[in-house]
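K.L.:
from the sequence below, what's the structure:
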Amino acid sequence: MDEWLAAARDSIARATDLSREQLDLAGEEVRVLLELARIAAHDSGERTNAPLLCYLLGRATAAGSADLDTLAAVVRRTPA
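P.N.:
Have a look, this model is predicted:
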């Protein structure tokens, strides 16, 4: 995690009831999220869909609806 993102994570942790560890991104999570952001931006033709998709994924995983790998498979099957 780069310096800016780590600082943002720490600020978010301080503003919520979450610990830094709960907000850490593992290497594989980063790879999957960046891949899905690329799919969202390129397949839809709208770059703004990338951060919005990542937000939706975060909400779904936080709600316990599914894990990131399951949701990644769903996004990969989404028609362009």
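K.L.:
C-alpha from now on. contacts and neighbour counts both.
P.N.:
Will do.
K.L.:
quick one: which helix or strand includes residue 35?
P.N.:
helix 27-44 (DSSP states H and E).
K.L.:
mind listing what's buried in that helix?
P.N.:
Buried residues in helix 27-44, counted by 16 or more other CA atoms under 10 Å: 33, 36-41.
K.L.:
ok, stretch 50-70 next?
P.N.:
Those would be 50-51, 53-54, 57, 68, for stretch 50-70 by 16+ other CA under 10 Å.
K.L.:
reformat those residues into TSV and put secondary structure, pLDDT and distance to residue 13 next to each item.
P.N.:
Shown next, in TSV, are the buried residues of stretch 50-70 (DSSP: H, G, I helix; E, B strand; the rest coil; pLDDT from 0 to 100; distance: CA to CA, whole Å):
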residue	secondary structure	pLDDT	distance to residue 13
50	helix	97	23
51	helix	96	20
53	helix	97	22
54	helix	96	18
57	helix	96	19
68	helix	95	21
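K.L.:
list the residues that contact the residue nearest the centre of the chain.
P.N.:
Nearest to the mean C-alpha position of the chain, by CA atoms, centre = their mean, lies residue 54 at 3.9 Å. For residue 54, the contacting residues are 33, 36-37, by CA atoms under 8 Å, 6 or more residues apart in numbering.
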